[in-house]
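Asks: Below is the sequence, then the predicted model.
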Amino acid sequence: MKSAAPWCAGLVTLPMLVIGSSYFHVDVERLRRLAVMAAIAMLLAALVIPLSPSLRNAAILTSTQSWLPGGGDIVRTDTFSSALLPFAAGLWLLTVAVTPRATLDRGWVRRTALVTLLTVASFLTENALVLLVLSIVSMWTFLSALVEHHQRRAVATYLGLSTVLFAVGVALLVSPGTERFETAAMWLIVIAALIRKGIFPFHAWVPEVFDHGRLGPAILFNAPQVGAYMTVVLIVPRASPEMLRVIALLALGTAVYGAALALVQKSARRACGYLFMSQSALVMAGLDCTSVTALAGGLLVWLSAGLAFAGLARCVLVLEARRGRLDLTTHHGGYERMPLLAISFLIMGLACTGFPGTVGFVGQELLVDGAVEVFPVMGYAVVIASALTGLAILRMYFSLFCGRPDVRAHPSLQLGLRPRETRTFLALVAALICLGLAPRPLVDSRFEASSEILSRRTLP
Amino acid sequence: MSVPLTVLVMIGVGSPALLFLLLGAASLLNRPLPERVTGPLAASLLTVACAALVAAFVVHGMTQSGAELLSYGTWSTAHEGGIAIEFLVDRMSLAFAALSTVIAGVVSAFSNRYLHREPGYNRYFVLLAMFVTGMLLVALAGNVAVLFIGWEFVGLSSALLVAFFHERPAAVSNAFRVLSVYRISDAAMLSAAVLLRHLAGTDSLMLLFGGQAGVVGLTASNATLIAILLIVAVACKSALLPFSSWLPRAMEGPTPSSAVYYGSLSIHAGCFLLLRAAPLLEQAPAARVVAGVLGALTALFAGITTRVQSDVKSSLAYASLTQVGIIVFEIAIGWYTIAFLHLAGHACFRLLQFLSAPNILHDLHGLKDATGDHASLVDPELAVLRAGRPRRRIFLIALERGFLDTFLDRLVVEPFTGMARFLTRLDTWLCEVVSAQRTAFRRRGSE
């Protein structure tokens, strides 16, 4: 295990294998099984990298043009990115294992593999040009999955603007120029990241995508938070303290805004959109606080909230497949018929809020601590956001699983979970709880990663 | 550090935690344990916890006189901001922990029969185990992180038990109300914890609850700020004014849970925390005044309100609140020993009242049916309140539970939901505008 190259090649090959298979006339259920196997293999291979010290920090392909922003390493692994690889693989596994059969087709399986491939490729590079190319392809893949024209137009405008600003910023950064250009370039990249992450005031597309679009692609595209990765690789090392301050304050405001609006939504999908906005903003706030503790907290929340939120949204998708569109103004009942789904939903929701015993708790604690250290007043926004998120989650739980259903389903109707859904949700819940009960290896690795990231800063 | 004490406390806290994990895992795997296993398992593990904590109380009394910090290593990380598993043991904390397990054991035995063949039997015991674990963590917490974990466990299990009969819409909406207030409490507690860590440079409660608040470098204003946040957390958890309106709503849960939460333990958790934080309160006279005024007003309000309640559980809940208000007042004026004895005595007495209430009602109904006699609907005390105009007003205010729900709705809930709905519409409109602009731009380009 001296070289990380074969492992990284394996990570990229597995989704490519699924993409290639999708062009053959394979039965879609068999294709799903292949995708599940590939995702499991990818997850196991990805877990080896952060666990092995020799693979964790390795430059695999280095460019001679080291002046490119983000450094000359075109393909590399480091402490920070190595934990993101199993995260991306886990999200893919969750997606292919839990998606209802009604929405399954070969094109869909291909797209999930392609999005995962692009995500993993992004996490393996720190080169700005490579990230730009991957970002364009990723956006195109996401837009192709959206069916509603009106929605596609709005999302294309936001994400297109983000990509253009990113491209111009990178171009300005690599061109020889004055310091003023560099500041302007950084601001353009910052705005691009804010749009991509759905930070206020560039957030309106996020709830719209969740509400009116296809929930599956929306989760797979957003949950890995490639925008946050761009922030860590390109913005944190070279942004001025004022710039980071502005981003962190906007992110803290967005965290409260998203959680507050999630609390009053009538549609479960839109509530998910606002919850995602809030969680994603918390990560962004941690990344831009220039404190080791806050950054480690942000990196932890990235993983915990990402996994927990993806599972939560998948629960909504599973429920929608059985009940149709979900309205949060009534009580749908059904706890007795789907206790596992109800309990999983609750645990995943609690992990999002940082409830003790789940992996989210330690991350939230560190984030609050670090945020208050940097912003003695605004730092408490994390506390408010967490409280509001908890309420929003419990409101969704009460609405979706409690109460007496209006129409009683016929006893012969299968409303329970399928075995593959049961196994996936159980595995996810077990991961959230086990990492919550024994968080030390993960926390230590995130502290190490945050120290490395801050040591790369050229400014104080 | 004495080894037997460390082991005993670990067994005391670990037994309900183990019960929670076992029952929770079985529920999660959709293989709930049968009643014949769950009941005895709960009884035996709670008995073990109780025995261990009583033994710890005895051992501590024989070997120590002051407070001692028991450390079980770090949980999350060795870095700054890591969480250490620490318990602060002294006579008060061990006595309260032992009392909690005794009460929980009694309620567990009662519930085993009371909820026999109830569909949510297993869920109830999972939540009860979670609650006992939380209460023990609150009682024995050695640092603010452990205290916060316990506080969150108590809050969540309480809200989920209010929604125990989750087919009833009223139970579910009341649980959400209860949870809303508890989240304010959690936020205040977390803020106090973070503030303490930043201002005092430590999160050890040994330095605060051990009576050394002055040496950790807290100024009077900082101490007041932290104490006020703690009082907000306590006021929400113990239903002090102006957060009292959730208490009757919480009576939707099964009677044993009402007994253990709102009759004996959960409602006193806030009082216990104030007692523990007495050294901090002594540094913050303004906070003591606030606590005293809140306690006195709550006692007065609950004392009047309890007399006009039409159902026995609400009446008992307000009667509990009257005593809680008095206990808070006693703490504010520095009668710590009396306050603790009052707390312990009241917890046991009210538990008995709550648990016997269904039987008494049942007997009363049987008696009425047998004799054909119907007691007067007007209580003599109530009749006194009704006489005269000012008294009628008091009666009305008490009957409407101080209009607290209406005030909270008008002042907090409605403005918040109104603003949030307006912002949602604004977001939707913004997306539509962006989409329309792009279409118009494209059309102009094609022309």
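Replies: Noted; the coordinates are in hand.
Asks: helix or strand for A:V48, which one?
Replies: helix A:28-51 (DSSP states H and E).
Asks: So which bits of that helix are buried?
Replies: Buried residues in helix A:28-51, defined by neighbour count with 16 or more other C-beta atoms under 10 Å in any protein chain shown: A:31-32, A:34-36, A:38-43, A:45-50. Placement of C-beta: from N, CA and C, glycine included.
Asks: what mean pLDDT does it have?
Replies: Averaging pLDDT along helix A:28-51 gives 91.
Asks: got the buried residues for the helix or strand following it?
Replies: Going down the chain from helix A:28-51, the next helix or strand is helix A:53-56, by DSSP H and E. Using 16+ other C-beta under 10 Å as the test for burial, helix A:53-56 gives A:L55, A:R56.
Asks: And for helix A:53-56, what's in contact with it?
Replies: A:M1, A:K2, A:A4, A:W7, A:V48, A:I49, A:P50, A:T77, A:D78, A:T79, A:S82 (C-beta atoms under 8 Å, 6 or more residues apart in numbering or on different chains).
Asks: chain center to that helix: distance?
Replies: Averaging C-alpha positions (C-alpha atoms, centre = their mean, to the nearest Å) puts helix A:53-56 24 Å from its chain's average.
Asks: Kindly report the same for stretch A:285-300.
Replies: Taking mean C-alpha positions (C-alpha atoms, centre = their mean), stretch A:285-300 and its chain are 16 Å apart.
Asks: how far does it stretch from start to finish?
Replies: End-to-end distance for stretch A:285-300: 12 Å, by C-alpha to C-alpha, to the nearest Å.
Asks: does any part of it sit near chain B?
Replies: Yes - using C-beta under 8 Å from any C-beta of the partner chain, stretch A:285-300 reaches chain B at A:V292, A:T293, A:A296, A:G297.
Asks: Could you export those residues as CSV, including distance to A:F123 and secondary structure?
Replies: Shown next, in CSV, are the residues of stretch A:285-300 next to chain B (distance: C-beta to C-beta, whole Å; DSSP: H, G, I helix; E, B strand; the rest coil):
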residue, distance to A:F123, secondary structure
A:V292, 22, helix
A:T293, 23, helix
A:A296, 18, helix
A:G297, 20, helix
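Asks: Return the member of those nearest to B:A278.
Replies: The closest of those to B:A278 turns out to be A:T293 (C-beta to C-beta; 31.0 Å).
Asks: residues contacting the closest residue to the closest one other than its chain neighbours?
Replies: Residue nearest to A:T293 in three dimensions, not counting chain neighbours: A:G370, with 3.7 Å by C-beta to C-beta, 6 or more residues apart in numbering or on different chains. A:G370 makes contact with A:G286, A:C289, A:S291, A:V292, A:T293, A:A294, A:L295, A:A296, A:G297, A:G298, A:G379, B:G81 under the criterion C-beta under 8 Å, 6+ apart.
Asks: Stretch B:399-417 near chain A anywhere?
Replies: Yes - judged by C-beta under 8 Å from any C-beta, stretch B:399-417 and chain A are in contact via B:F416, B:T417.
Asks: for stretch B:15-30, same thing?
Replies: Yes - interface with chain A: stretch B:15-30 contributes B:S27, B:L28, B:L29, B:N30 (C-beta under 8 Å from any C-beta).
Asks: out of those, which is most surrounded?
Replies: Counting neighbours by other C-beta atoms under 10 Å in any protein chain shown, B:L28 comes out on top of the residues of stretch B:15-30 next to chain A with 20 neighbours.
Asks: A:R76 belongs to a helix?
Replies: No - counting by DSSP: H, G, I helix; E, B strand; the rest coil, A:R76 falls outside a helix, being strand.
Asks: got the CA positions of stretch B:158-178 in PDB?
Replies: Only the C-alpha atoms of stretch B:158-178 are listed here, as PDB (Å, rounded to 0.1, in the frame of the first residue of the first chain):
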ATOM      1  CA  SER B 158     -40.300  14.400  27.700                       C
ATOM      2  CA  ALA B 159     -41.600  15.800  24.400                       C
ATOM      3  CA  LEU B 160     -41.800  12.300  22.800                       C
ATOM      4  CA  LEU B 161     -43.700  11.000  25.800                       C
ATOM      5  CA  VAL B 162     -46.200  13.800  25.600                       C
ATOM      6  CA  ALA B 163     -46.800  12.600  22.100                       C
ATOM      7  CA  PHE B 164     -47.000   9.000  23.300                       C
ATOM      8  CA  PHE B 165     -50.500   8.500  22.100                       C
ATOM      9  CA  HIS B 166     -49.400   9.700  18.700                       C
ATOM     10  CA  GLU B 167     -52.700   8.900  17.000                       C
ATOM     11  CA  ARG B 168     -54.300  11.900  18.800                       C
ATOM     12  CA  PRO B 169     -53.600  15.100  17.000                       C
ATOM     13  CA  ALA B 170     -53.900  17.100  20.300                       C
ATOM     14  CA  ALA B 171     -51.200  15.000  21.900                       C
ATOM     15  CA  VAL B 172     -48.900  15.700  19.000                       C
ATOM     16  CA  SER B 173     -49.500  19.400  18.700                       C
ATOM     17  CA  ASN B 174     -49.100  19.700  22.500                       C
ATOM     18  CA  ALA B 175     -45.800  17.800  22.300                       C
ATOM     19  CA  PHE B 176     -44.600  20.300  19.700                       C
ATOM     20  CA  ARG B 177     -45.500  23.200  22.000                       C
ATOM     21  CA  VAL B 178     -43.600  21.600  24.900                       C
END
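Asks: Dump the contacts of helix A:53-56 into TSV; add distance to chain B as well.
Replies: Putting the contacts of helix A:53-56 into TSV (distance: C-beta to the nearest C-beta, whole Å) gives the following:
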residue	distance to chain B
A:M1	27
A:K2	30
A:A4	26
A:W7	27
A:V48	23
A:I49	21
A:P50	16
A:T77	23
A:D78	19
A:T79	14
A:S82	18
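Asks: Only the buried subset of those residues, as a ChimeraX command please.
Replies: Those of these that count as buried under 16+ other C-beta under 10 Å are selected in ChimeraX with:
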select /A:4,7,48,49,50,77,78,79,82
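Asks: Find the nearest non-adjacent residue to A:A294, please.
Replies: The nearest residue in space to A:A294 (C-beta to C-beta, 6+ apart) is A:G370, at 2.4 Å.
Asks: does the one you found count as helix, strand or coil?
Replies: At A:G370, secondary structure determined by three-state DSSP is helix.
Asks: Ok, B:S71 next?
Replies: State at B:S71, reduced to three classes by three-state DSSP: strand.
Asks: my read: it touches B:V89, true?
Replies: No - taking C-beta atoms under 8 Å as the definition, B:S71 is not a contact partner of B:V89, at 11.4 Å.
Asks: Flag every residue of the stretch 151-300 of chain B that's near chain A.
Replies: Counting by C-beta under 8 Å from any C-beta, the stretch 151-300 of chain B sits next to chain A at B:152-153, B:156, B:159, B:163, B:166-169, B:172-173, B:175-176, B:179-180, B:183-184, B:186-187, B:190-191, B:194-195, B:197-198.
Asks: if you set the cut-off to 10 Å instead, what comes out?
Replies: Within reach of chain A by C-beta under 10 Å from any C-beta of the partner chain, the stretch 151-300 of chain B has these residues: B:151-153, B:155-156, B:159-160, B:163, B:165-169, B:171-173, B:175-176, B:179-180, B:182-191, B:193-195, B:197-198, B:203.
Asks: Those residues in helices, which ones?
Replies: Per DSSP state H, helices hold the following members of those: B:151-153, B:155-156, B:159-160, B:169, B:171-173, B:175-176, B:179-180, B:182-191, B:193-195, B:197-198.
Asks: ok and the residue in the stretch 1-150 of chain A nearest chain B?
Replies: Closest approach of the stretch 1-150 of chain A to chain B (C-beta to the nearest C-beta) occurs at A:H150, with a separation of 5.3 Å.
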